[in-house]
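A.B. asks: When you get a sec, could you give me coordinates for this:
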Amino acid sequence: MNLTRNPALIDQLAASYALGTLRGGARRRFEELARTHASVRAAALIWQGRMASVTELQAQQAPSPAVWKRIENLIQADKQARAMQAARQAPAGRASAGWWASLGLWRGASAAGAMAAVAAVVVGVNLNTQLNGQVRELSAKLAATPEIQYVAVLADDKAAPSVLVTYDPKHSQLQLKHVGQFHPGPDKSLQLWALPQSGGPKSLGVLGDGAVVRLPARSGEVNQVPALAISLEPKGGVPAGSGPSGPVLFKGALLQTTL
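C.D. replies: You can find the predicted model right below:
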């Protein structure tokens, strides 16, 4: 089976690799594949970047009073049990002295044990709190992280890149980022068009003034579209159902991304 022809499987393996659940021979084979295939290497780097926030420590939180009370009860019970055991094991003529001597000995041991118990509980509580917070934060980041199914670099008539377009099917959204310095003017607008294989151009929306513009788009409006274009139109764009009325400033092929 050629893994490089199965992007979904590569994505799953890259996620497992970043999480650390891909182990043994499977992990070594994935690393060998990543060394020889840039697409596999890119998938691994993407997932490692997504998981990087797991290593960030959250602010510590103090344990609840119930935790401290439970620790105190454990310490007292341990002291009493050790003292009674020492008294039973001491010779009859030295019961009193032996009991106090044993108690003094076990006080130090109990104190050390208590400190270890406190440290273990506090660390456990903090780590559990941190991990829960990190998992929630990571889940939110992954939910907000856009998927990129299509990408296009729209260039001007001199082949200079001017607008980077990506399509996120998870959020049904087109994102356009200006990389050139073109400004349409106060009485003009830029309008994005899909150029299908058959039929006339179809409007995908009017661009705003920001450096990054997001436009809602259904998958059916983007799938199987070979190219995109941006035209210069009157302020607010042309009426719905009509084609471009102004010059086409930028155009480029719309490519489907593959791992």
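
A.B. asks: Residue 71 and residue 82, how far apart?
C.D. replies: Distance of residue 71 to residue 82, computed by Cβ to Cβ, to the nearest Å: 17 Å. From N, CA and C alone the C-beta is placed, and that goes for glycine too.

A.B. asks: Then residue 18?
C.D. replies: Distance, residue 18 to residue 82, by Cβ to Cβ: 48 Å.

A.B. asks: can you check residue 37 too?
C.D. replies: From residue 37 to residue 82 the distance is 62 Å (Cβ to Cβ).

A.B. asks: So residue 189 sits against residue 235, correct?
C.D. replies: Yes: the pair residue 189 and residue 235 qualifies as a contact (Cβ atoms under 8 Å) at a distance of 5.3 Å.

A.B. asks: Which of the two has more residues huddled nearby?
C.D. replies: residue 189 (19 against 11; other Cβ atoms under 10 Å).

A.B. asks: Helix, strand, or coil at the more buried one?
C.D. replies: Here residue 189 is strand, with the state taken from DSSP: H, G, I helix; E, B strand; the rest coil.

A.B. asks: Contact partners for it?
C.D. replies: Shown in contact with residue 189 (Cβ atoms under 8 Å, 6 or more residues apart in numbering): 206-207, 232-237.

A.B. asks: same check, this time on residue 165
C.D. replies: Per Cβ under 8 Å, 6+ apart, neighbours of residue 165: 150-154, 174-177, 192, 228, 252, 254.

A.B. asks: Skipping adjacent residues, who's closest to it in space?
C.D. replies: Nearest residue to residue 165, sequence neighbours excluded (Cβ to Cβ, 6 or more residues apart in numbering): residue 152, at 4.3 Å.

A.B. asks: tell me the contacts of the one you found?
C.D. replies: 164-166, 227-228, 252-255.

A.B. asks: Which of the residues you listed sits closest to residue 242?
C.D. replies: residue 228 (17.9 Å; Cβ to Cβ).

A.B. asks: Show me what counts as buried in the helix or strand containing residue 16.
C.D. replies: Taking DSSP states H and E as the criterion, residue 16 maps to helix 7-19. Judged by neighbour count (16 or more other Cβ atoms under 10 Å), helix 7-19 contains these buried residues: 10, 13-18.

A.B. asks: same check, this time on stretch 165-185
C.D. replies: 165-169, 171, 174-176, 178, 184.

A.B. asks: Of these, which belong to strands?
C.D. replies: Among the buried residues of stretch 165-185, the residues falling in strands (DSSP state E) are 165-168, 174-176, 178.

A.B. asks: Phi and psi next, for the residue nearest to residue 165.
C.D. replies: phi -150, psi 140 (degrees, to the nearest 10).
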